[in-house]
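Chemist: I'd like to go over a predicted model; first the sequence, then the structure.
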Amino acid sequence: EAFRRRVRNKMLAVIGIGGPILREMLQRQYEQGIVPVLHEEFTAPNRLSLELSQASLSSSMDSRRSIYSLASFQKRLSMKKRLIMAARKWKGANNDPPPPFSNVEALWTFVGCFLTMLMLLYFSDFIKEQNSQYSLVLGPFGALVTLQYSLTSAPASQPRNVILGQAISISIALCMTYTRLEVNMRRSLGTALCISLMARLGVTHPPAGAAALIFTGGEYTWVHMGIMMAGNVLAILSSAGINNFNVKRQYPTSWGVGYWIKHFCRRKEKEE
């Protein structure tokens, strides 16, 4: 803790010295219609240094209440400068694309996707044999296995995002079916609500957006939601079992329970 404080104080001192230079540079860029955009082109030596740099930068900007904060900068932009900014962003940030998988990793992804989808299809057939009115809505699961076996460590692939994202999206989508909105309006509004709420709560999950679009059509019921949640649990268990046999993979990287415990503890401390 003492080491963190020393490093933080040193970084704040450096930022204090460079403050006037930074303001002059921002003023020059503002006059030219250039918006300063931060690109993640560096690699932090470790998690500690990244947390310290973020904490020091945020505390410094908050304490100075600079007119060059993002909110005030956006308000001061004229339409002409916004157009210039948007045109320049079309060029891209010149970041390299992610590297392709090796043959072994691609084969592992193939086997994982094949076995998981096969299991889900048999599960859907089993449900249909019990009651012909119900089955698993399979569309979102193609996107789910893509995340679980091709982007294993991505936040959107983790169980917390899978379960909460699907629960939120399907619930909202089914509630939208009780409205009297025109079908296209209902599906667009329901999908937009689901995606924005997931983003606000930090549980973004792309297959849940697809599920929202499907369920707002009005062809499915709350029973289908229960079947969908069961299918997602099966997919998580299957992915954890298959991915963790690979020495280069780990799934999940986080169950997300610790986040809620920390958030609850912080709220308790603030109240006290």
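Modeler: Happy to help now that I have it.

Chemist: thought residue 143 was touching residue 207?
Modeler: Yes - with contacts counted by CB atoms under 8 Å, residue 143 reaches residue 207, the gap being 4.1 Å. C-betas here are computed from N, CA, C, even on glycine.

Chemist: what about those two, which has more around it?
Modeler: Neighbours around residue 143 and residue 207, counted as other CB atoms under 10 Å, are more numerous at residue 207. The numbers are 26 against 17.

Chemist: Contacts only, for the more buried one.
Modeler: Residue 207 is in contact with 140, 141, 143, 144, 147, 162, 165, 166, counting by CB atoms under 8 Å, 6 or more residues apart in numbering.

Chemist: quick one: low-confidence parts of the chain?
Modeler: Across the chain, the ranges flagged by pLDDT under 70 are 1, 4, 6, 8-77, 258-272.

Chemist: Now do the helices in it.
Modeler: Assignment of helices within the chain using DSSP state H yields the ranges 2-31, 47-64, 70-76, 79-89, 103-130, 139-150, 159-176, 183-201, 206-215, 222-243, 257-271.

Chemist: ok, back up a step: and the furthest pair within the contacts of residue 207?
Modeler: In terms of CB to CB, the contacts of residue 207 reach their longest pairwise distance at 141 and 165, which sit 13.5 Å apart.

Chemist: more neighbours, these two?
Modeler: Neighbours per residue, other CB under 10 Å: of residue 141 and residue 165, the larger number sits with residue 165, 27 against 24.

Chemist: what residues are up against that one?
Modeler: Neighbour list for residue 165: 156, 198, 203, 204, 205, 207, 208 [criterion: CB under 8 Å, 6+ apart].

Chemist: same thing with residue 234?
Modeler: Under the criterion of CB under 8 Å, 6+ apart, the neighbours of residue 234 are 119, 120, 123.

Chemist: count of residues packed around the first one?
Modeler: Summarising burial for residue 119: neighbours were counted as other CB under 10 Å, giving 15.

Chemist: any idea how far residue 194 lies from residue 188?
Modeler: In this structure, residue 194 lies at 11 Å from residue 188, with CB to CB, to the nearest Å as the measure.

Chemist: the more surrounded of those two?
Modeler: Neighbours per residue (other CB under 10 Å) separate residue 194 from residue 188, with residue 194 holding more: 27 against 14.

Chemist: any idea what sits nearest residue 158, other than its immediate chain neighbours?
Modeler: Distances taken as CB to CB, 6 or more residues apart in numbering place residue 252 nearest to residue 158, at 4.9 Å, with adjacent residues excluded.

Chemist: ok, now residue 249?
Modeler: Spatial nearest neighbour of residue 249, excluding adjacent residues (CB to CB, 6+ apart): residue 243 at 4.5 Å.

Chemist: wait, isn't the residue nearest to residue 158 in contact with residue 156?
Modeler: No - in terms of CB under 8 Å, residue 252 does not count as a neighbour of residue 156; the distance is 11.7 Å.

Chemist: Tell me, how many residues neighbour residue 244?
Modeler: Under the criterion other CB under 10 Å, the count of neighbours that residue 244 has is 13.

Chemist: picking up where we left off before, return the closest of the contacts of residue 234 with respect to residue 222.
Modeler: Nearest member of these to residue 222, counting by CB to CB, is residue 123, at 18.6 Å.

Chemist: so what's that closest one up against?
Modeler: Contact partners of residue 123, counting by CB under 8 Å, 6+ apart, are 136, 230, 231, 234.

Chemist: Filter those residues down to the buried ones.
Modeler: Burial of the contacts of residue 123 was assessed by neighbour count (16 or more other CB atoms under 10 Å); the buried members are 136, 231, 234.
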